[in-house]
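Novice: Take this sequence and fold it.
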Amino acid sequence: MGHDEHEHDEHEHDHDHDHEHDVEEALEEALELDTQSQIFLEMRRQNLDLLRIASEVAGYGGNHGPLKPGDVRNALRNIWDVFAEFYSWVDPEEDEGDDEEDEGDEDEE
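Specialist: Residues are numbered from 1 along each chain as shown. As a prediction, the model looks like this:
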């Protein structure tokens, strides 16, 4: 019976070790997801800050009155142009991929 108890103890030890490994893996995955989420949220916050700055540089910040319906498209295009220029300074690699897409868009217009 001593031999059976020893095998039982080894099985429990292996099971405990597997459980600890699973818990460690789950914690690592959760931490990685949390880190990725934090990075994503920080990037979005930075984009919103950059958009606010672009709006001000384009002349649509502060005490600017409400836009007329016909002026909205032009205002958005002006803000986007400034934002895109700023963004190309912040992340030049991202901008290189956008150029290829923009060239296709220009053909459609």
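
Novice: give me the low-pLDDT residue ranges for this structure?
Specialist: Within the chain, the segments meeting pLDDT under 70 span 1-17, 94-109.

Novice: now the helices for it?
Specialist: 2-57, 72-90, 92-108 (DSSP state H).

Novice: Against which helices or strands is the first one packed?
Specialist: This means helix 2-57. helix 72-90 (3 or more Cβ pairs under 8 Å, 6 or more residues apart in numbering; DSSP states H and E). No exception for glycine: its C-beta is placed from N, CA and C like everyone else's.

Novice: what comes up buried for the helix it packs on?
Specialist: Within helix 72-90, the residues that qualify as buried are 75, 78-79, 82-83, 87, counting by 16 or more other Cβ atoms under 10 Å.

Novice: which among those residues gets closest to Ala26?
Specialist: Tyr87 (36.6 Å; Cβ to Cβ).

Novice: so that closest one sits right up against Leu50, yeah?
Specialist: Yes. Taking Cβ atoms under 8 Å as the definition, Tyr87 is a contact partner of Leu50 at 6.4 Å.

Novice: hmm, back to that, dump the buried residues of helix 72-90 to CSV, plus distance to Asn63.
Specialist: Listed next are those as CSV, based on distance: Cβ to Cβ, whole Å:
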residue, distance to Asn63
Ala75, 15
Asn78, 18
Ile79, 17
Val82, 19
Phe83, 21
Tyr87, 26
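
Novice: what's the most distant pair in those residues?
Specialist: Farthest pair in the buried residues of helix 72-90, by Cβ to Cβ: Ala75 and Tyr87, 18.1 Å.

Novice: Nearest residue to Val57 in space, ignoring adjacent ones along the chain?
Specialist: Using Cβ to Cβ, 6 or more residues apart in numbering and skipping the chain neighbours, the partner closest in space to Val57 is Val82 (5.1 Å).

Novice: how close does that neighbour get to Leu50?
Specialist: For Val82, the distance to Leu50 equals 9 Å [Cβ to Cβ, to the nearest Å].

Novice: what do you get for Leu31?
Specialist: 28 Å.

Novice: which one of the two has more residues nearby?
Specialist: Leu50 (16 against 10; other Cβ atoms under 10 Å).

Novice: so the more buried one touches Phe83, yeah?
Specialist: Yes. Contact status for Leu50 versus Phe83: in contact at 6.2 Å, counting by Cβ under 8 Å.
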